[in-house]
Structures are given as C-alpha cells and as structure tokens.
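J.: generate coordinates for the sequence data below:
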Amino acid sequence: MLDALRKCLDPEVGENIVDLGLIYGVDVKGSAVTVRMTLTTPGCPMHSYLTKQAQEAAKKVKGVKKAEVQLVWEPPWTPEKMSKAAQKRLGWSK
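T.: As a prediction, this is how the structure comes out:
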C-alpha cells in the first residue's frame, strides 16, 4: 500500500506523501482500506487534492474495493517526520 501512496506527489514540493511523513497509518480490513494521513498545516491549500490522490492510489491496489482517507492532526506534522532521503532532497539535512 505504501508503494501505491508513494505515487502521490505534493505538487508544491515535488515529493511523495509517504516520504514527506504525511501518512500516519494504513488499516486494511478485507477489501476495505483506511489511510490515516495529515497535512503540513490544517489550512493546507492542497487538502482536497492530496486526500483525493491518496484515496485513488489506495483504490488501485489489487483487492481493494473501498478506500477511505481520514485526516488526523495529532501528532502535528513536523519536518522530522520526513524520511531521511526526503529531508536531504529538500535541504532539511546534510
């Protein structure tokens, strides 16, 4: 599932939502998937775009018939949640 979600890019930074640390969890129950994700800020202008993109990517995974995205705000997102590779690509680490 995470491989599918890695195809979802935040167009503002050109990085995928998994490496950005926006995915907080994925629950699979039979053919239903719930993706728990956050955004960098509650007022993110890409809110609808990113959640729709995540839902569509999850639906494309073999065996998935229903996909839902739940936005969560706790714990708040911080740059430290990004993968080390994303931090490096975006200049957050050396």
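
J.: show me the helices in this structure, by range?
T.: 2-5, 47-59, 84-89 (DSSP state H).

J.: what's near enough to touch Ser31?
T.: Counting by Cβ atoms under 8 Å, 6 or more residues apart in numbering, Ser31 makes contact with Gly63, Val64, Lys65, Lys66. Yep, even glycine has a C-beta here, placed from its N, CA and C like the rest.

J.: right, and the third one touches Val28 too?
T.: To tie it back to what came earlier, the one meant is Lys65. No. Using Cβ atoms under 8 Å, Lys65 makes no contact with Val28, being 11.4 Å away.

J.: ok, the two, which is more surrounded?
T.: Val28 (14 against 9; other Cβ atoms under 10 Å).

J.: in contact with that one, which residues?
T.: Val28 makes contacts with Met1, as judged by Cβ under 8 Å, 6+ apart.

J.: repeat that for Pro76.
T.: Contacts of Pro76 by Cβ under 8 Å, 6+ apart are Thr38.

J.: quick check: phi and psi at it.
T.: The phi/psi pair for Pro76 (degrees, to the nearest 10) reads phi -60, psi 150.

J.: where does it land on pLDDT?
T.: What the model reports as pLDDT for Pro76 is 95.
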